[in-house]
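Visitor: Give me coordinates for this.
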Amino acid sequence: DKNYFDANGDPLYNTDWQKEATRTSLSHNHQINIQQGDENSSIGAFINYTDQQGIVKNTDNKRVNAKMAYDSKVKDWLSTSINMTVNHTWGQYTPEDGGGQDARRTMIEMLPWLPVYEPGGAYTSSSSSSMDYGFEGMANPVSILDLQRRMQYKTQLFGNAAFTFHLADGLDLKTQLGVDNHMKDYKGYSSNTLNNISKPNGWAEITNTNVLYWQEETYLTYNKELGKHRINGMAGLSWQERVEEGNGSRTEGFTDDAYLWYNMGMGSTPSSPSSGYSNWRMNSYFLRGAYSYDNRYSATVTARYDGSSKFGANNKYAFFPSVGLAWNISNEEFFKDVKSISNLKFHTSFGLTGNSEIPSFTSISQIIAGTALLDGTRTPYGYPGNLANPDLKWETTATYDAGLEFGLFDNRLNFDVSYYNRKTTDLLLYAPI
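Guide: Modelled structure (predicted):
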């Protein structure tokens, strides 16, 4: 092929595709901070802007984040705390995983005797030459980075507010609310000229995801020291919820690259749109009590009563208690003369913990639904996904442990020898019927 080789068969070009597809990137960062306070309150705020170019051409990431924190002792009996953070990032990227025909791969595999552009100005591809050499169809990496757009936008809103009521000496009531919201948008377009990627149809796609999580807790704490006795306790309740929604659309068959994803109706071959929803809630009641005498003997008791919307109607809630005991032998009077052992402590505990890590709606019957092409027409279908199980319950793990901690030579050497026994019942596991 005389477009790429001379009369002697030597290549006219020697393209370094990694050099052509990458660059020396520049980044800059700017931040403003404001702080003010006195003996009863403090406030702080900052805003930051970051602009990062990618090493791969036409990739970048920009970020704006801001935070505000306010703490105040409103009255002797009331303290408040408010924190709020906003993060927004956006930028263009190229895929970095998988084995597809992306720039990350083609900058390594593309034929070096091909130039970036044809003499007429069009991008070359592995099919540009008239020679039949059996090379895999491939667009050159510069054309991919120029003609394929993948934009992502991420916004996070995170905040919490707390009120603490000082009811008496050592007795506080605290209530707090936290919110974490993640919004993700993706917009992509691939040109109808990219060989073995989106030629001849091109494609455009848009996806949106919104995840909202919130939690409210209210609990009472008590801390008291009476001579050699130290007591602390806590009792409270909490609610939390997580909601996730998403949707996506994709279409092919573009005759022109001018619209990108802004006019998906121009595509002649739309795919079936997708959407989804997931939600779970949890309600908990909890308490903890701890007692210590003279830094020698201690006991801790905890209890939780947790309820989750993921489980069946007959078993939403479960009870998880625990107890722990410890004896600090090295603080005993008879052990004072043992200088080589600086710490010797025996500890043992027994408790139950729960596991609720299963998908939402698992305990209820589900129908898998969608559409399928039948005789050129999209026809709805549906079939059972799983059967209802009103008795689905928490997975429970019982753990017993006993051990001995000891430190030697002013704790320069420390050891912990323990025995554990753990048993899980009501294992959460999918099983065919």
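Visitor: okay, CA-based contacts and neighbour counts for the rest of this
Guide: Noted.
Visitor: number of nearby residues for the closest residue to Pro112 other than its chain neighbours?
Guide: Nearest residue to Pro112, sequence neighbours excluded (CA to CA, 6 or more residues apart in numbering): Thr15, at 4.8 Å. Look at Thr15: counted by other CA atoms under 10 Å, it has 15 neighbours.
Visitor: Just confirm Thr15 is within a strand.
Guide: No - counting by DSSP: H, G, I helix; E, B strand; the rest coil, Thr15 is located in no strand; its state is coil.
Visitor: how about it, what does it touch?
Guide: Contact analysis of Thr15 by CA atoms under 8 Å, 6 or more residues apart in numbering lists 112-116.
Visitor: hmm, try it at 7 Å
Guide: 112-115 (CA atoms under 7 Å, 6 or more residues apart in numbering).
Visitor: so how far is Gln148 from it?
Guide: 21 Å (CA to CA, to the nearest Å).
Visitor: who's the closest residue to Ser238 other than its chain neighbours bridged to?
Guide: Spatially, and ignoring its direct neighbours in sequence, Ser238 is nearest to Glu217 (4.3 Å; CA to CA, 6+ apart). Per DSSP bridges, the residues bridged to Glu217 are Gln176, Ser238.
Visitor: Okay, and the beta partners of the residue most central in space within the chain?
Guide: Centroid check for the chain by CA atoms, centre = their mean gives His182 as the closest residue, at 9.7 Å. Bridge pairing for His182 (DSSP bridges) gives the partners Gln156, Val211.
Visitor: Now do it against Phe163, distance only.
Guide: Using CA to CA, His182 is found at 25 Å from Phe163.
Visitor: got a list of what the residue nearest to Ser238 touches?
Guide: Contacts of Glu217 (CA under 7 Å, 6+ apart): 175-177, 237-239.
Visitor: does the nearest residue to Ser272 once chain neighbours are set aside belong to a helix or a strand, and which?
Guide: Excluding its sequence neighbours, the residue lying closest to Ser272 (CA to CA, 6+ apart) is Ser249, at 7.2 Å. In the assignment (DSSP states H and E), Ser249 maps to strand 229-252.
Visitor: cool, Ile144 as well?
Guide: helix 141-147.
Visitor: do the same with Ser25
Guide: Ser25 belongs to no helix or strand, assigned by DSSP H and E.
Visitor: correct me, but it touches Gln53?
Guide: Yes - using CA atoms under 7 Å, Ser25 is in contact with Gln53, at 5.2 Å.
Visitor: Those two: which is more packed in?
Guide: Gln53 (19 against 13).
Visitor: bridging residues for that one?
Guide: Applying DSSP bridges, one finds that Gln53 bridges with Asp60.
Visitor: ok, now which ones touch it?
Guide: Here Gln53 is in contact with 25-27, 59-61 (CA under 7 Å, 6+ apart).
Visitor: On the three-state scheme, Phe334 is what?
Guide: The three-state label given to Phe334 by three-state DSSP is helix.
Visitor: where's it relative to Gly376, distance?
Guide: From Phe334 to Gly376 the distance is 90 Å (CA to CA).
Visitor: on that earlier part again, beta partners of the residue nearest to Ser272?
Guide: Bridge pairing for Ser249 - DSSP bridges - gives Ile206.
Visitor: contacting residues around it?
Guide: Contact partners of Ser249, counting by CA under 7 Å, 6+ apart, are 205-207, 273-274.
Visitor: same check, this time on Tyr189
Guide: 148-150, 203-205, 260-261.
Visitor: Quick one: the helices in this protein, in order.
Guide: Assigned helices in the chain, in chain order: 17-21, 103-109, 141-147 (criterion: DSSP state H).
Visitor: right, and these - which one's nearest Gly170?
Guide: helix 103-109 (60.8 Å; CA to CA).
Visitor: just for the stretch 1-150 of the chain, where's the confidence low?
Guide: Within the stretch 1-150 of the chain, the stretches with pLDDT under 70 are 98.
Visitor: so how far is Ile34 from the residue nearest to Ser272?
Guide: Computed as CA to CA, the Ser249 to Ile34 distance reads 43 Å.
Visitor: Kindly report the same for Gln156.
Guide: Using CA to CA, Gln156 is found at 22 Å from Ile34.
Visitor: who has more neighbours, those two?
Guide: Higher neighbour count among Gln156 and Ile34: Gln156, with 19 against 10, using other CA under 10 Å.
Visitor: Now do the same contact list for that one.
Guide: Each residue near Gln156 by CA under 7 Å, 6+ apart is listed here: 86-88, 181-183.
Visitor: could you redo the last one with a cut-off of 10 Å?
Guide: By CA atoms under 10 Å, 6 or more residues apart in numbering, Gln156 lies in contact with 65, 85-89, 180-184, 210-212.
Visitor: got it, and Val323?
Guide: So Val323 contacts 288-290, 299-303, 348-352, 400 (CA under 10 Å, 6+ apart).
Visitor: Relative to Tyr297, how far out is it?
Guide: Distance from Val323 to Tyr297, counting by CA to CA: 14 Å.
Visitor: Repeat that for Asp256.
Guide: Here the distance between Asp256 and Tyr297 works out to 79 Å (CA to CA).
Visitor: Those two: which has the busier surroundings?
Guide: Between Asp256 and Tyr297, counted using other CA under 10 Å, Tyr297 has the larger neighbour count: 18 against 14.
Visitor: Let me know whether the more buried one touches Ala326 as I believe.
Guide: Yes - with contact defined as CA atoms under 10 Å, Tyr297 reaches Ala326; the gap is 5.9 Å.
Visitor: any shared contact partners between the two?
Guide: Common neighbours of Tyr297 and Ala326 (CA under 10 Å, 6+ apart) are 345-346.
Visitor: Now Val86: closest residue in space that isn't a chain neighbour?
Guide: Leu157 (4.8 Å).
Visitor: And for that neighbour, the neighbour number?
Guide: Around Leu157 there are 16 residues (other CA under 10 Å).
Visitor: And Leu177, by the same measure?
Guide: Leu177, neighbours per other CA under 10 Å, totals 18.
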